[in-house]
Structures are given as structure tokens and as C-alpha cells.
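Student: structure, please.
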Amino acid sequence: MTDIEQYQQRITAALDRIGRALEARPPAGDEEGLAEALEAERTANAQLEERVRAIKEKQETTVAALEKTVEDLNAEVASLKDALGDRDGGLQRMMKVNGELRQSNTALREAIAAALPDPHLVNRSMMAELEALRAAQSVNETELAEIAAVLEPILKEEAHG
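Tutor: Predicted coordinates for the structure are as follows:
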């Protein structure tokens, strides 16, 4: 931004010089020199204005690119938060199911040790084990989705680059 301010100061200084030159204008006959000086100042002024315009365009382009990057990062953060929430839910479910599985297995071991195998205990133990496997599979699927989400932009970039 200091470049723009610097150019504006230079333009203002040039206009001030023109004004002073017009006030201190020599008598008639030197108008050709003044006309040349005025034309030179106008050219310099036009060049400075073009530089200011170019700098402004560059800054606008840079700001737009940065805003796009921030938007992309915000979307990625939101996606990661969702994935983390899904993973946490899956882990909580798996911990609960594993606790039930341990209880069922303990009850089954006690029944077998007492030589009283109960079909209900065997069924309950099998159901708890099946649910534990499902929970583990769900956690694995969530992890794979997270890995795919991280790899997808990288692979797209490699394909385009």
C-alpha cells in the first residue's frame, strides 16, 4: 500500500511544480519551454497513474487468491471436524460394545466352568462379538474416508500439475 501512497505523493508534487512554474512564468516568448515542461509533467503523471493502476490490480488479484485459499482451508477444517466427530462416535460405540463382549464372555466362561452351558449366554456372547466386529468395521471405514479425503486433493493436484 505504501507504493500507492508514494505514487500519489509524487503526482501531487508534480502538480505543485506545474503550479509554481505557471506562477513564476517568464514573460512571453518562453512559452515553448513551458509547453515542453508541461508535456513532460503530463507524461510523467500518466506513467505514475499507470503504475498505480497496475499495483492496484496486482493487489486485488493477490487478495482474491488469498480469500479463495482461506475459503478452501475453512471448508477443509469443517470436513475434518465432521470426520473427527464421526470417528469419535465410532470409537465410543466400539468401546461400549467391547465392554458388553467382555461381560458376555465372562458369563460364558463361568457357565462353562460350572458345566452349565446356557444357550442364551452363548447366543448373547456371539451377538456381542458380532456387534464388536461391526463397530470395528465402522471405525475402519471412517479412517479410510479420512485418508481418502486427505489424499484426494493431493492426487488432483498431481494430475493437473
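
Student: please enumerate the helices of the chain.
Tutor: With helices called from DSSP state H, the chain shows them at 2-23, 31-113, 119-160.

Student: okay if I get those as a markdown table plus mean pLDDT?
Tutor: Listed next are the helices of the chain as a markdown table, based on pLDDT from 0 to 100:
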| stretch | mean pLDDT |
| --- | --- |
| helix 2-23 | 82 |
| helix 31-113 | 85 |
| helix 119-160 | 82 |
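
Student: take these and write them to CSV, including mean neighbour count.
Tutor: C-beta coordinates here come from the backbone N, C-alpha and C atoms, glycine included. Formatted as CSV, the helices of the chain follow (neighbours: other Cβ atoms under 10 Å):
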stretch, mean neighbour count
helix 2-23, 12
helix 31-113, 13
helix 119-160, 13
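
Student: distance check, the spatially most central residue of the chain against Glu100.
Tutor: Residue closest to the mean C-alpha point of the chain, counted by Cα atoms, centre = their mean, is Leu73 at 1.5 Å. From Leu73 over to Glu100 the distance is 41 Å, taken as Cβ to Cβ, to the nearest Å.

Student: make sure Ser79 is actually in contact with Ala149.
Tutor: Yes - checked against Cβ atoms under 8 Å, the pair Ser79 and Ala149 is within contact range at 6.2 Å.

Student: so who does Leu66 touch?
Tutor: By Cβ atoms under 8 Å, 6 or more residues apart in numbering, the contact list for Leu66 is empty.

Student: adjust the sequence numbering to begin at 3 for everything that follows.
Tutor: Understood, numbering begins at 3; the last thing we discussed is Leu68.

Student: for Asp74, see how far away it is.
Tutor: The value you get for Leu68 to Asp74, if Cβ to Cβ is used, is 11 Å.

Student: do Gln49 as well
Tutor: Gln49 is 38 Å from Asp74, where distance means Cβ to Cβ.

Student: what's the answer for Pro155, then?
Tutor: Following Cβ to Cβ, the distance that separates Pro155 from Asp74 is 9 Å.

Student: now do Arg22
Tutor: Applying Cβ to Cβ to Arg22 and Asp74 gives a distance of 53 Å.

Student: now swap in Asp120 and tell me
Tutor: 58 Å.

Student: do the same with Glu62
Tutor: To Asp74, Glu62 is 19 Å away according to Cβ to Cβ.

Student: kindly report the same for Ala151.
Tutor: Taken as Cβ to Cβ, the span from Ala151 to Asp74 is 13 Å.
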